[in-house]
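*Asks:* can you look at this prediction? I've put the sequence above it.
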6 protein chains.
Amino acid sequence: MHPEGSVLIEFGATRVLCTASVTEGVPRWRKGSGLGWLTAEYAMLPRATTTRSDRESVKGKIGGRTHEISRLIGRSLRACIDLKALGENSIVLDCDVLQADGGTRTAAITGAYVALHDAVAWLAAQRKLAGKPAEVLHRSVAAVSVGIIGGEPRLDLCYEEDVIADVDMNVVCTGAGDFVEVQGTGEQGVFSRAELDTLVDLGALGCTELAALQQKAIAG
Amino acid sequence: MHPEGSVLIEFGATRVLCTASVTEGVPRWRKGSGLGWLTAEYAMLPRATTTRSDRESVKGKIGGRTHEISRLIGRSLRACIDLKALGENSIVLDCDVLQADGGTRTAAITGAYVALHDAVAWLAAQRKLAGKPAEVLHRSVAAVSVGIIGGEPRLDLCYEEDVIADVDMNVVCTGAGDFVEVQGTGEQGVFSRAELDTLVDLGALGCTELAALQQKAIAG
Amino acid sequence: MHPEGSVLIEFGATRVLCTASVTEGVPRWRKGSGLGWLTAEYAMLPRATTTRSDRESVKGKIGGRTHEISRLIGRSLRACIDLKALGENSIVLDCDVLQADGGTRTAAITGAYVALHDAVAWLAAQRKLAGKPAEVLHRSVAAVSVGIIGGEPRLDLCYEEDVIADVDMNVVCTGAGDFVEVQGTGEQGVFSRAELDTLVDLGALGCTELAALQQKAIAG
Amino acid sequence: MHPEGSVLIEFGATRVLCTASVTEGVPRWRKGSGLGWLTAEYAMLPRATTTRSDRESVKGKIGGRTHEISRLIGRSLRACIDLKALGENSIVLDCDVLQADGGTRTAAITGAYVALHDAVAWLAAQRKLAGKPAEVLHRSVAAVSVGIIGGEPRLDLCYEEDVIADVDMNVVCTGAGDFVEVQGTGEQGVFSRAELDTLVDLGALGCTELAALQQKAIAG
Amino acid sequence: MHPEGSVLIEFGATRVLCTASVTEGVPRWRKGSGLGWLTAEYAMLPRATTTRSDRESVKGKIGGRTHEISRLIGRSLRACIDLKALGENSIVLDCDVLQADGGTRTAAITGAYVALHDAVAWLAAQRKLAGKPAEVLHRSVAAVSVGIIGGEPRLDLCYEEDVIADVDMNVVCTGAGDFVEVQGTGEQGVFSRAELDTLVDLGALGCTELAALQQKAIAG
Amino acid sequence: MHPEGSVLIEFGATRVLCTASVTEGVPRWRKGSGLGWLTAEYAMLPRATTTRSDRESVKGKIGGRTHEISRLIGRSLRACIDLKALGENSIVLDCDVLQADGGTRTAAITGAYVALHDAVAWLAAQRKLAGKPAEVLHRSVAAVSVGIIGGEPRLDLCYEEDVIADVDMNVVCTGAGDFVEVQGTGEQGVFSRAELDTLVDLGALGCTELAALQQKAIAG
């Protein structure tokens, strides 16, 4: 009801509530630059997972994993926005995982793009953008996780698959098929150049499909 | 998907996700007492409200309002459970406000009871209770906010009404119509003995209606 | 020696040092509003209680109970002050429990009113009030705890009584007998409508007696 | 009422409430050593000073000055106790400044000794000491501040004097006239060997007088 | 002098002090598993950079960047150690940047491997390993940053280059040329499949050179 | 490479990296006063000591010992600088212990003076000082630890000596032989007036030697 943009994205059993909050103006150190500002925050509800995890607010500090994912989402979404065309407006993307079953960070990026699109449309309707909406959001961005399980490449791993994967990779692509970010980790070991190629290609393919679904969601 | 009990309660535009998480055993200082343990945690998503509020995890501390409401929910739900019959099991009730429009704490209590009921049923199915389910949850509990606006008593205030209320009261009752907690505040001023009576009676009535809805939800 | 208003209140063995600190000006977000500001902070010395409790400064965070009581004191005292007549001045009420034996929050409210009265008189003497002193502090406020022990209603519970009470209620009233805040909790169970009436009436009576003592203290 | 030892010490307008809290047993890492444990914590009420200072519990961290003084009090009092004769008991000395007018740390040490004496007597009465009381507390300890103002040496500086002092020294001595700790600082500049001698002698003299007052307080 | 393994690595003007600290035993939750434990912590001295940055200890919390890099170093080094052959010993790798000029995280990984090698040799000399040294450290690991600047691929970017790079990639490889981790980011934009290939190959080549230098350092 | 002044000081096996960071301007509350500002921060790398200690950034708070030493360094260095002649510039002295073997705080003070000297020279070269360099840094300052071990006075205690010392004293002197700070503690007991004299004289002597070495370092 309240946010300028919001979407509840589902990747399998994973559910992430992505909202985009707009405020006029930018942080003090950026005033007068003519540039906008975009950040992202990721969090999990305590019982989004199989067993309950303590709240980071109760622990009094944010864990390394949360920080790492928030930064990834922020970088990915900044890749598709022109901060000059946005003008001196700030957008915060909140990605809260209601239910987790693998791929929460890639679901968050994919959903946050749609919420961001709504927020830019809202700003356009309020005539608060410095440029045209199409200049502001000059690309779309989507993300997917890929992995190798028992020698077999797999797209969009669920939690059970993620745990047993030999290699795990997150691929973030634009709608045009270029790469924004690629993060591959040999969870249980190491990976060869050939495996890297397979995973990158599979991830890029997955992002293309997601880009089509994003366009549908925006159009709908 | 994951929690032992969970419910998404709606009071007007207010939406609270209530989950009950069960773990075997109790905190160390309570071991060997034969008694179970029940706590509650309340939180709001940053954009549940009209304007975005900073995450308490980012601020590194929990605010007074959050503490106060978490404690209220915990006290209210402990009033309907027999910790001896529960046996040495721990239950955490998480109430996360996805969208706020007044009455979030009373919605949280009302929803948490249903989630708790499911969790006790789950424990019964696992044969982990010390007593019978009906002994464990020997009462139901529901809560509602009431207020006086321009001299007029109102049930279940939305945010707009809450802001302008002269008096604001939260009433927590059992299904049998007894009181568990009554908190009345003269937000804009003070209130007379007669106004207090009106609000208490209206709140008790509201709780009776909610108790019927809870039974339906549990039965359904 | 230092504060603009200060009082050491004793309720039985309970001793609370209440001070009122005045500063010219208000927090930045309130500047230019013409309104003053009043907050309260409650704390206990580590050995105010039977067994020593760790300092909240050492733990690095304020507990829920402290937050809840500080908020209650602040709300209660704001009910008796006209922030417009106060002008753009800020008052902080510090209530530090030196020795605790039940009823510390109600003692704090009752004592804080007297300290506040002195601080307003000090501001008047300095000619810093926007209105007249009688407009600024247009009501008095006092508080008392009441409870039911073994079916018997009791006024101003000491710690031992508080622990065994079936119902526990804090009543905050103005000198004119109106209610500012009523908080009743079924500590060991629940309470009926009749019991609620008994407690509310007993609390109101207790507040009337305290109001007379406050007037004496101020006059003296 | 509650602590095993407690004293309200006054040095001029300075008032410090010193309590000694005894618990049986020692921290886990010290168990089985046969040695006791003694620590001290110093704090100021927010309005003990001319202008109100924020609570360290609210700021969420303890300042450098508080840390430094707590450590000094702990070291000084450990110099007069035999931890072996104390046996596996723990004592916490809390020194809370109710009103400050210079010399709060030296007043705290001097008062804490008296509170500690009471606590050791209490342990003796409970037959919980490993040695005899006179072995446990084999020395007395007292402290005083001295300074040079406009070339003139002064004993026990009040706040106003402390601010303008050229040199400021805290001297902690045993009842037998030996030194436990000497801390001299050239606040506004530096000091010569001769000035150091003058201050040390004056401080030792002051401690001797305090030792006599401590004996009286204990005897009385 | 003190650590079981330590090395001061220099990549251009970047200087990172890497130490490996060994303690017998593992965290409680891992006891009896027969497995060892390895973690890493990365930090920068406040003036390692062009302008001074505040200490994270003073700010009271660790930033996202620090968390992210500490986690990357830990994952990378765990890829080259067999925790079963290590036995129930814990190793902490501390990587403290004394002077920063780009590539601090890759320098830290490369240096930490050498410190780890020394620590494993120390454990072997103490006969505290469950397996043979060659089984414990069954691979070597090294890391390098690569980037594209003005269309040109570059190896081991200094700070100035890092800032203007279009694409920035960190590549972590084993001595055998397999990949442990690949993280590529389009800092100023996006990158094509061909650019990804160029960077991955260049990074792998750089790691091979570093692996040779590591062998020399260990042998020497 | 980066700091305006920096020095790596060695006292025996103790190694402290001291840097001086200059920023134009002063904290907001000091603006317009015409006075500069100087603070110091002391820290230890986790494995500077025999066994690893946890990072204060990870623990989320700064310990009492760190606070105490940072304050001592700041006070000592402010004794040799004229903040008026410095003009509205701020200098932060960071003293990071890379390897510890006793006397880290006195090494830090002695090294920080040299770094400060370089920073003042840098400011002079930039023509940013309000006064002449010789007015700004009108004294030199150096520090040394002294102690009594088995009745024998010793200069510059290493860690092993420090642990067994009966008395431990830190002496901070100017190049002219005046005292800036004297802190003596009876670690294992107490000390007489005669012992105090011996230690003070020995410390002053040590500082004179260090002052000569500082002049050489600055000249070189």
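*Replies:* Everything's here; your move.

*Asks:* mean pLDDT per helix and strand in chain A: which one sits at the bottom?
*Replies:* One helix or strand of chain A scores below all others by mean pLDDT, DSSP states H and E: helix A:159-164, with a mean of 86.

*Asks:* which strands and helices sit next to the helix ranked longest in chain A?
*Replies:* The helix of greatest length in chain A, counted in residues with DSSP state H as the criterion, is given as helix A:193-219. Under the contact criterion of 3 or more Cβ pairs under 8 Å, 6 or more residues apart in numbering or on different chains; DSSP states H and E, the helices and strands touching helix A:193-219 comprise helix A:104-125, strand A:141-149, strand A:152-155, strand A:167-174, strand A:179-185, strand E:179-185, helix E:193-219. In this view, the C-beta of every residue, glycine as well, is placed from N, C-alpha and C.

*Asks:* who wins for proximity to C:Leu38 among those?
*Replies:* Distances from C:Leu38 to each of those were compared using Cβ to Cβ; the minimum, 38.5 Å, belongs to helix A:104-125.

*Asks:* from the centre of chain A, point out the most distant residue.
*Replies:* In chain A, the greatest distance from the average C-alpha position (Cα atoms, centre = their mean) is reached by A:Gly32, at 28.8 Å.

*Asks:* against E:Gly220, how distant is that residue?
*Replies:* With distances taken as Cβ to Cβ, to the nearest Å, A:Gly32 is found 55 Å from E:Gly220.

*Asks:* same question, A:Phe191
*Replies:* Between A:Phe191 and E:Gly220 the distance, using Cβ to Cβ, works out to 31 Å.

*Asks:* what about those two, which has more around it?
*Replies:* Comparing A:Phe191 with E:Gly220 by other Cβ atoms under 10 Å in any protein chain shown, the one with more neighbours is A:Phe191, at 23 against 5.

*Asks:* surely the more buried one meets A:Ile148?
*Replies:* Yes. Applying Cβ atoms under 8 Å, one finds A:Phe191 in contact with A:Ile148, separated by 7.2 Å.

*Asks:* for the closest residue to A:Gly147 other than its chain neighbours, give me its contacts.
*Replies:* In this structure, A:Gly147 finds its nearest non-sequential neighbour in A:Ala165, 3.7 Å apart by Cβ to Cβ, 6 or more residues apart in numbering or on different chains. When the contact criterion is Cβ atoms under 8 Å, 6 or more residues apart in numbering or on different chains, the partners of A:Ala165 are A:147-149, A:154, A:157, A:187-188.

*Asks:* at 10 Å what do you get?
*Replies:* Applying Cβ atoms under 10 Å, 6 or more residues apart in numbering or on different chains, one finds that A:Ala165 lies in contact with A:102, A:145-150, A:154, A:157, A:185-188.

*Asks:* tell me the one of the residues you listed nearest B:Leu17?
*Replies:* Nearest to B:Leu17 among those is A:Gly102, at 20.5 Å by Cβ to Cβ.

*Asks:* specify the beta-bridge partners of A:Val172.
*Replies:* Here A:Val172 shows beta-bridge partners A:Ala143, A:Glu181, assigned using DSSP bridges.

*Asks:* related to what we said a few turns ago, and the residue nearest to A:Gly147, how far is that from chain E?
*Replies:* Distance, A:Ala165 to chain E, using Cβ to the nearest Cβ, to the nearest Å: 14 Å.

*Asks:* quick one: pLDDT of that residue?
*Replies:* Looking at A:Ala165, its pLDDT is 89.

*Asks:* and what of A:His2?
*Replies:* 84.

*Asks:* and it, helix, strand or coil?
*Replies:* Using DSSP: H, G, I helix; E, B strand; the rest coil, the structure places A:His2 in coil.

*Asks:* any idea how far it lies from chain F?
*Replies:* Distance, A:His2 to chain F, by Cβ to the nearest Cβ: 33 Å.

*Asks:* give me the neighbour count for that residue.
*Replies:* A total of 16 residues lie near A:His2 under the criterion other Cβ under 10 Å.

*Asks:* my guess is it contacts B:Ser53, does it?
*Replies:* No. Counting by Cβ atoms under 10 Å, A:His2 sits too far from B:Ser53 to count as a contact (11.0 Å).

*Asks:* who touches both of the two?
*Replies:* Shared contacts of A:His2 and B:Ser53, defined by Cβ under 10 Å, 6+ apart, are found at A:21, B:47.

*Asks:* before we move on, back to that, just put the helices and strands packed on helix A:193-219 in CSV and tack on mean neighbour count.
*Replies:* Listed next are the helices and strands packed on helix A:193-219 as CSV, based on neighbours: other Cβ atoms under 10 Å in any protein chain shown:
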stretch, mean neighbour count
helix A:104-125, 24
strand A:141-149, 26
strand A:152-155, 14
strand A:167-174, 25
strand A:179-185, 23
strand E:179-185, 24
helix E:193-219, 17
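
*Asks:* now those as TSV including distance to D:Asn170?
*Replies:* Shown next, in TSV, are the helices and strands packed on helix A:193-219 (distance: least, Cβ to Cβ, whole Å):
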stretch	distance to D:Asn170
helix A:104-125	56
strand A:141-149	62
strand A:152-155	70
strand A:167-174	59
strand A:179-185	57
strand E:179-185	55
helix E:193-219	52
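
*Asks:* for E:Glu24, find the nearest of these.
*Replies:* Shortest separation from E:Glu24 across those is recorded for helix E:193-219, at 23.9 Å, computed as Cβ to Cβ.

*Asks:* how much does the closest one deviate in direction from strand E:179-185?
*Replies:* Direction vectors for helix E:193-219 and strand E:179-185, defined by axes from the mean of the first three to the mean of the last three Cα atoms, to 10 degrees, enclose an angle of 130 degrees.

*Asks:* show the average pLDDT along helix E:193-219.
*Replies:* With pLDDT averaged residue by residue, helix E:193-219 scores 95.

*Asks:* now do stretch A:168-185
*Replies:* Computed over stretch A:168-185, the average pLDDT equals 96.

*Asks:* and what of stretch A:33-46?
*Replies:* Averaged over stretch A:33-46, pLDDT sits at 96.

*Asks:* tell me the buried residues in it?
*Replies:* Buried positions in stretch A:33-46, judged by neighbour count with 16 or more other Cβ atoms under 10 Å in any protein chain shown: A:35-46.
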